[in-house]
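Participant: Here's a sequence, model it:
(chains A and B)
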There are 2 protein chains.
Amino acid sequence: MTRPYNFSAGPAALPPEVLTEAAAEMLDWHGSGMSVMEMSHRGKEFTSIIGQAEADLRELLAVPSDYRILFMQGGALAENAIVPMNLLGNRHEADYVVTGAWSIKSQKEARKYCSVNIAASSEADGFRAIPPQDTWRLSKNPAYVHICTNETIHGVEYFWTPDLKSAGLPDTPLVADVSSHILSRPMDVSKFDVMYGGAQKNIGPAGLTLVIVREALLGRALPVCPSAFDWKTVAEAHSMYNTPPTYAIYIAGLVFRWIKGQGGLAAIEQRNKAKAETLYRCLDESDFYRTQVAPACRSRMNVPFFLADERLNEPFLDGARERGLLQLKGHKLVGGMRASIYNAMPLAGVQALVDYLREFERSHG
Amino acid sequence: MTRPYNFSAGPAALPPEVLTEAAAEMLDWHGSGMSVMEMSHRGKEFTSIIGQAEADLRELLAVPSDYRILFMQGGALAENAIVPMNLLGNRHEADYVVTGAWSIKSQKEARKYCSVNIAASSEADGFRAIPPQDTWRLSKNPAYVHICTNETIHGVEYFWTPDLKSAGLPDTPLVADVSSHILSRPMDVSKFDVMYGGAQKNIGPAGLTLVIVREALLGRALPVCPSAFDWKTVAEAHSMYNTPPTYAIYIAGLVFRWIKGQGGLAAIEQRNKAKAETLYRCLDESDFYRTQVAPACRSRMNVPFFLADERLNEPFLDGARERGLLQLKGHKLVGGMRASIYNAMPLAGVQALVDYLREFERSHG
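Facilitator: Predicted coordinates for the structure are as follows:
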């Protein structure tokens, strides 16, 4: 069976191997006589599933032992409130670096709980680049500094990690929304204090939120923080304070194992580099298409691009669909097109898109 | 294939027809070339899935047009905080009726946001019955009155609906945690102002929370309420403020359609009555087993029972597992056994349990 190539920004394509295994096990997981959906979360079957998922994720990302991995709900948008509720403690200010639509949302939600200092913003530049750290104006003693390391909508990605120590804030937690590029390459978790993200890009189905938090930061939640979103409560209950999204965690576990089978994150990074280079090269070679993001900040996961003649947008999308290239329409905030090429997108899919880009230019250029 | 009978209290058994359809569509939903897990939540495919699910649920429960149906995340435990954050407005007190472990948790969480008046409690009686409304001591002007209409752990169920008008509180919202018996029978939604529940009993997979709320109550959220949990925000975005748990909603939609195919809630209620009567009758006929709940308050969904000789608990559970009768161990708060017999449990499963109960008594009595 040939499946179409699905360039959705999320919920996004999953490895067919994962879906095939999930389908085969749907009515009977490993001889248990139950679907994973039907298992008590406290039973030995599901306990082994979540334990293996966490262990595999810890191995893949080399999560240090003083970090806790939490499986939560609500997505990054809920976490935008949960972060300040868990980290403000007695402080009243947090710093945000704004690099696109997602960090705009994060800082806006934080204003419910504290005053926000925008330490840097690339808005005036149309979010084409990440402001270098030496331009950031950090506060004197913020509760934390928040960044979004890959902006799904604007297509900019950090290929460096801010160093708050060198900025005179050695004890300030660095918090990153990593939703749309986690597991796309190795990341040094120890350089962050909190990483969080919705699962629906490189991890699994929507409805699961991953939080990786330095253990020393637990226990600071504001009294108004719902217990189900107090990281300490969640950590102490091993992500089972409330019933976790069991099936989504199971699928995430299958994805983690798939990544290990692909050779781990170093191998995944090489594939993702090759995919991104192939696509950006094609876009760069032509005046028929254009991109806006500065080359050093181009996301390897989310590639927004434009047809120079926007009247051709609909014919472009129609032709793409006919060729089995799905969900290429850009986000309404940016317009144009966007190809999201997460881990589950094979190089062959990017090559098929590149072939179509050239063909469409030939026939319409 | 003979599947075991799964008496889990939740996540619970799903109809095999639903699982079979989900497995068949896992890699390609209706010729879309995508798994439902891989679809953009804003695309036409998923929009049709969530729209149909909501329409079917509205039809099944006869939800009045001035009520909104919200698909959320976090389960009933998160909703225990979300309810006061959405309903307190300028008030500082709410009334709770405590009838078991779940309403205990609800009132405890509410204390983060307001003072709580326990209008009635059956705790002194060991949660064996629902306190009649004429014994409730409601406050003069509470922000709302909260009940749990089916206590999953203690096995008590309301077969009547409180009438706050007759109690002199005609404008006070009645809020019900309906997690573990919604869709088990028709309910008059118009007699409630808010109904909420985790999906993992009669609706679908864990990770989906259903909220049915009278539209006039939207817009009262406290400033500290995360946007993703502000019912008004969620309603205005048609449950897509944040990325919804798309796959769980899809499964819920299949379950709703399955219930319609079974004849709707009136037919489902007859089946559930027959199942519960079969099981309770067997337990009542013997001194080898005992139950604690007053007959008028016995839950049709969750049936806790005890072996008179608790030393036989382990042999009983071992024998049950051998016969394909799974997850019968009682909750640790109550001990003993618990058979949860939600919609997906056929009468044949209850009959198999009854046969085993008699057989075990014969061989160990």
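
Participant: drop to CA atoms for contacts and neighbour counts, all remaining ones
Facilitator: Fine.

Participant: where exactly do the helices run in the stretch 151-300 of chain A?
Facilitator: Assigned by DSSP state H, counting those that start in this stretch, the stretch 151-300 of chain A shows helices spanning A:231-236, A:246-261, A:264-284.

Participant: For the longest one, what is the distance to the chain centroid?
Facilitator: Relative to its chain's centre, helix A:264-284 lies at 17 Å (Cα atoms, centre = their mean, to the nearest Å).

Participant: May I ask you to confirm that A:V303 belongs to a helix?
Facilitator: No - A:V303 is assigned strand when assessed by DSSP: H, G, I helix; E, B strand; the rest coil, not a helix.

Participant: That one touches A:Y342, doesn't it?
Facilitator: No - the criterion here is Cα atoms under 8 Å, and A:V303 misses it with A:Y342 at 10.5 Å.

Participant: Any idea how many residues pack against A:N6?
Facilitator: 28 (other Cα atoms under 10 Å in any protein chain shown).

Participant: need the contact list for it.
Facilitator: A:N6 sits next to A:A12, A:A13, A:G324, A:L325, A:L326, A:Q327, A:M345, B:M34, B:E38 when contact means Cα atoms under 8 Å, 6 or more residues apart in numbering or on different chains.

Participant: For it, name its beta-bridge partners.
Facilitator: Under DSSP bridges, the beta-bridge partners of A:N6 are A:L326.

Participant: Quick check: pLDDT value at it.
Facilitator: On the pLDDT scale, A:N6 is placed at 96.

Participant: With B:I50 as the reference, measure out to A:A199.
Facilitator: Separation of A:A199 from B:I50 (Cα to Cα, to the nearest Å): 20 Å.

Participant: which residues sit in contact with A:S180?
Facilitator: A:S180 neighbours (Cα under 8 Å, 6+ apart): A:N150, A:E151, A:T152, A:G197, A:G198, A:K201, A:N202, A:M301.

Participant: Quick one: name the residues of the stretch 201-350 of chain A near chain B.
Facilitator: A:205-208, A:223-224, A:226-229, A:242-247, A:327 (Cα under 8 Å from any Cα of the partner chain).

Participant: now do 6 Å
Facilitator: Residues of the stretch 201-350 of chain A lying close to chain B by Cα under 6 Å from any Cα of the partner chain are A:P205, A:A206, A:G207, A:P226, A:A228, A:P245.

Participant: which ones are touching the first one?
Facilitator: Spelled out, that is A:P205. Residues in contact with A:P205 (Cα atoms under 6 Å, 6 or more residues apart in numbering or on different chains) are A:A248, B:M37.

Participant: and what of the fifth one?
Facilitator: Residues near A:A228 by Cα under 6 Å, 6+ apart: B:A78.

Participant: got a pLDDT number for it?
Facilitator: pLDDT, read off for A:A228, is 98.

Participant: what's the spacing between it and A:S106?
Facilitator: 20 Å.

Participant: now the second one
Facilitator: Taking Cα to Cα as the measure, A:A206 and A:S106 are separated by 19 Å.

Participant: Quick check on the two: which one has the bigger neighbour count.
Facilitator: Neighbours per residue, other Cα under 10 Å: of A:A206 and A:S106, the larger number sits with A:A206, 31 against 25.

Participant: my guess is that one meets B:P245, correct?
Facilitator: Yes - using Cα atoms under 6 Å, A:A206 is in contact with B:P245, at 4.9 Å.

Participant: so what's the nearest residue in space to A:L307 that is not next to it in sequence up against?
Facilitator: The shortest distance from A:L307 to any non-neighbouring residue, by Cα to Cα, 6 or more residues apart in numbering or on different chains, is to A:Y289 (4.7 Å). The contact partners of A:Y289, taken as Cα under 6 Å, 6+ apart, are A:L283, A:F306, A:L307, A:A308.

Participant: mind redoing it with 10 Å?
Facilitator: Residues near A:Y289 by Cα atoms under 10 Å, 6 or more residues apart in numbering or on different chains: A:C282, A:L283, A:F305, A:F306, A:L307, A:A308, A:D309, A:E310, A:L357, A:R358, A:E361.

Participant: In those residues, which residue is surrounded by the most others?
Facilitator: Top of these by neighbour count (other Cα under 10 Å): A:F305, with 23 neighbours.

Participant: do you know how far it is from A:E285?
Facilitator: 13 Å.

Participant: likewise A:G126?
Facilitator: 23 Å.

Participant: Make sure A:V116 is indeed in a strand.
Facilitator: Yes - using three-state DSSP, the assignment for A:V116 is a strand.

Participant: Who are the contact partners of it?
Facilitator: Counting by Cα under 10 Å, 6+ apart, A:V116 has contacts A:H92, A:E93, A:A94, A:D95, A:Y96, A:Q107, A:K108, A:E109, A:A110, A:S139, A:P142.

Participant: and with 7 Å instead?
Facilitator: Neighbouring residues of A:V116 by Cα atoms under 7 Å, 6 or more residues apart in numbering or on different chains: A:E93, A:A94, A:D95, A:Y96, A:Q107.

Participant: Flag every residue of the stretch 1-150 of chain A that's near chain B.
Facilitator: Residues of the stretch 1-150 of chain A lying near chain B by Cα under 7 Å from any Cα of the partner chain: A:3-4, A:8, A:10-14, A:19, A:23, A:26-27, A:33, A:37-41, A:73-75, A:77-78, A:81, A:112-113.

Participant: Got a ChimeraX select line for the buried ones in those residues?
Facilitator: To isolate the buried members of those in ChimeraX, using 16 or more other Cα atoms under 10 Å in any protein chain shown:
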select /A:4,8,10,11,12,13,14,19,23,26,27,33,37,38,39,40,41,73,74,75,77,78,81,112,113
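
Participant: among the residues of the stretch 1-150 of chain A next to chain B, which are in helices?
Facilitator: Cross-referencing these against helices under DSSP state H gives A:L19, A:A23, A:G75, A:L77, A:A78, A:A81.

Participant: burial of the residue lying closest to the fourth one once chain neighbours are set aside, as a residue count?
Facilitator: What that stands for is A:L77. Leaving aside its sequence neighbours, A:L77 sits nearest to B:N242 (Cα to Cα, 6+ apart; 6.1 Å). By the criterion of other Cα under 10 Å, B:N242 has 23 neighbours.
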